[in-house]
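Student: structure for the following, please:
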Amino acid sequence: MNLDNCPRCGKLFAKNFREVCPACIREIDREYEACCDYLRKNRGAAIHELSEQTGVAIRQITKFIKEGRISLMDAPSLSYPCEVCGILIREDHMCDSCRQRLRGEVKRLKDAEEEEERRQAVQKAYRIKDKT
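Tutor: Numbers count the residues shown, from 1 in each chain. The predicted structure is shown next:
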């Protein structure tokens, strides 16, 4: 039997297919039902309103969206925070601005690595030439 502490409440439980204890699973299911009920009655609700009215944390609502339990197609005003800057988005994990910034940083690092490789190749060529 694989025992673990529940990351949500800290209680010891027999870990199986779920990452949280049975009591927290029931609580998460209750939160999900509260969100669904509220969204059925208030299709235009934003995530902050949904959180305030149901008492469910924005982080948990975001998890429901990413798991596909709450569909953004049925909730036109619902969005969730970018994982980098927190601006509200409707797809992926990052907003376009953060994604572009990350791509630019990756490109700069790649260019710097290529430049370092060229520099080392030139130094090696001069060393070989000096030995002859």
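Student: C-alpha only now, for contacts and for neighbours.
Tutor: OK.
Student: next, the buried residues of the longest helix seen in the chain.
Tutor: Taking DSSP state H as the criterion, the chain has its longest helix at helix 96-131. Across helix 96-131, burial judged by 16 or more other Cα atoms under 10 Å covers C98.
Student: got it, and stretch 34-53?
Tutor: 34-36, 38-39, 45-47, 50-51.
Student: before we move on, what about stretch 64-74?
Tutor: Applying 16+ other Cα under 10 Å to stretch 64-74 flags 64-66, 70, 72 as buried.
Student: got the contact list for that stretch?
Tutor: Residues outside stretch 64-74 that contact it (Cα atoms under 8 Å, 6 or more residues apart in numbering): 32, 36, 43, 78-79, 90.
Student: kindly report the same for stretch 11-31.
Tutor: Taking Cα under 8 Å, 6+ apart as the rule, stretch 11-31 contacts 1-9, 54, 56.
Student: filter those residues down to the ones in helices?
Tutor: Short answer: these in helices (DSSP H) are T54.
Student: out of the contacts of stretch 11-31, which two sit at the greatest distance?
Tutor: Taking Cα to Cα, the two most distant members of the contacts of stretch 11-31 are M1 and T54; they sit 35.9 Å apart.
Student: between those two, who's got more neighbours?
Tutor: T54 (16 against 7; other Cα atoms under 10 Å).
Student: pretty sure that one is touching E33, no?
Tutor: No: with contact defined as Cα atoms under 8 Å, T54 does not count as touching E33 (9.7 Å).
Student: still on that earlier bit, from the buried residues of stretch 64-74, which single one is nearest K124?
Tutor: K66 (50.5 Å).
Student: kind regards, and thank you for your time.
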